[in-house]
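Colleague: quick one: sequence and predicted model below, then my questions.
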Amino acid sequence: MIETRELVHRYGDTPAVDGISLSIPDGEFVLLAGPNGSGKSTLVRHFNGLLEPDEGEVLVDGTPVTDDLVAARTRVGMVFQQPRDGFVSATVGADVAFGPENLGLDHDEIDRRVETALRAVNMEKRRDERIDELSGGERERVAIAGALAMEPDHLVLDEPFTGLDAPARESVVEQLRNLKESGTGVVLVTHDLRDTFGLADRIVALADGGVAVDAAPEDARDRLPDLGIRVPPREETTPR
């Protein structure tokens with residue numbers, strides 16, 4: 001479980017996250033929505049200690065993140081808005097192996113994790129390819145694989161569809177669907193819910209650094225457009 005308690009984070013004198021208390025159970029698929037500047041990215045960067053609170057605290061499985069950064073970063077995988085920001089190696093396989101190697105795992109375990117993670121994103125035959133020669137959608141899938149190789153309880157993705165064309169978006173959505181079915185918790189940061197609304201167990205919408213909506217998708221739907229969040233139209237049914 002990820003839990004924030006009265007979390008506050010400021011940039012200068014301006015609070016980007018202002019007193020948020022939130023619990024995200026294992027296995028839950030959460031859409032964290034909101035317009036630009038609402039505090040989404042700042043919030044999730046506290047989940048594994050990339051940012052430290054100015055006030056309040058963040059816990060992963062009951063342990064404060066600041067007490068055990070390694071445990072938090074093992075349990076909460078992060079995929080950034082621009083995948084290239086997280087790449088550390090030239091080839092697909094080497095980059096996905098980087099996290100497990102830093103856990104001090106033996107070679108066989110590292111190899112198993114890399115193979116499993118790449119298979120999960122349909123990139124198992126691309127292990128030796130250079131990342132700089134991949135398309136945007138393929139890079140996003142490699143970034144997801146790198147996070148999955150840590151075998152996290154939760155995977156956090158920050159605006160993963162930015163700059164992707166329609167086929168690439170569909171491919172990433174399919175990987176997210178597979179993760180949901182496998183029981184991996186997902187926190188997806190977005191301002192546009194049209195591709196992922198049907199995957200969500202819960203929608204948390206932020207506004208001005210606070211939680212404006214926290215509800216099941218259909219209960220949240222009508223409240224989201226007023227916050228600048230795009231939702232898919234309801235399917236029209238034809239009377240029989």
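Modeller: Here it is on my side, so go on. Just so we're clear, the structure is a prediction, and the values are computed from it rather than from any experiment.

Colleague: and stretch 150-160, how far apart are its ends?
Modeller: 19 Å (C-alpha to C-alpha, to the nearest Å).

Colleague: next, the buried residues of that stretch.
Modeller: 150-160 (16 or more other C-beta atoms under 10 Å). Yep, even glycine has a C-beta here, placed from its N, CA and C like the rest.

Colleague: which members of those residues are the farthest-apart pair?
Modeller: Maximum pairwise distance in those, criterion C-beta to C-beta, is 23.7 Å, between 151 and 159.

Colleague: contacts for the lowest-mean-pLDDT helix or strand in the chain, please.
Modeller: Within the chain, no helix or strand scores below helix 166-182, which has a mean of 85 by mean pLDDT, DSSP states H and E. Contact with helix 166-182 is made by 29, 120-122, 135-138, 140-141, 144, 148, 155, 157, 160-161, 164, 186, 188, 195-196, 199, as judged by C-beta atoms under 8 Å, 6 or more residues apart in numbering.

Colleague: so where's the protein shaky on pLDDT?
Modeller: 83-85, 235-240 (pLDDT under 70).

Colleague: any idea where the strands of it begin and end?
Modeller: 2-11, 14-24, 29-33, 55-60, 63-64, 76-79, 154-158, 185-190, 202-207, 210-215 (DSSP state E).

Colleague: give me the buried entries from the contacts of helix 166-182.
Modeller: If we count by 16+ other C-beta under 10 Å, the contacts of helix 166-182 have these buried: 29, 120-121, 136-138, 140-141, 144, 148, 155, 157, 160-161, 164, 186, 188, 195-196, 199.

Colleague: just the ones in helices from those, please.
Modeller: 120, 136-138, 140-141, 144, 148 (DSSP state H).

Colleague: how about the closest residue to residue 154 other than its chain neighbours, what does it touch?
Modeller: Spatial nearest neighbour of residue 154, chain neighbours left out: residue 185 (4.1 Å); criterion: C-beta to C-beta, 6 or more residues apart in numbering. When contacts are counted by C-beta under 8 Å, 6+ apart, residue 185 touches 24-30, 153-155.

Colleague: quick check: the farthest pair among these?
Modeller: Across these (C-beta to C-beta), the longest gap, 14.3 Å, separates 25 and 155.

Colleague: ok, back up a step: identify, from the buried residues of stretch 150-160, the entry nearest to residue 223.
Modeller: Of those, the one sitting nearest to residue 223 (C-beta to C-beta) turns out to be residue 159, at 21.2 Å.

Colleague: isn't that closest one right up against residue 195?
Modeller: No: between residue 159 and residue 195 there is no contact under C-beta atoms under 8 Å: 11.9 Å.

Colleague: and stretch 187-204, end to end?
Modeller: 10 Å.

Colleague: related to what we said a few turns ago, so which of the strands of the chain is nearest residue 101?
Modeller: Closest among the strands of the chain, using C-beta to C-beta: strand 76-79, at 15.4 Å.

Colleague: quick one: the least confident helix or strand of the chain to strand 185-190, angle?
Modeller: Angle between the axes of helix 166-182 and strand 185-190 is 150 degrees (criterion: axes from the mean of the first three to the mean of the last three C-alpha atoms, to 10 degrees).

Colleague: mind listing what's buried in helix 166-182?
Modeller: 168-169, 171-173, 175-176, 179-180.

Colleague: and residue 231, how far from residue 168?
Modeller: Between residue 231 and residue 168 the computed distance is 22 Å (C-beta to C-beta, to the nearest Å).

Colleague: ok, now residue 12?
Modeller: The gap separating residue 12 from residue 168 is 37 Å, by C-beta to C-beta.

Colleague: could you do residue 222 as well?
Modeller: Counting by C-beta to C-beta, the gap from residue 222 to residue 168 is 30 Å.

Colleague: same question, residue 56
Modeller: 37 Å.

Colleague: tell me which residues touch residue 4, please.
Modeller: 20-22, 43, 46, 56-59.
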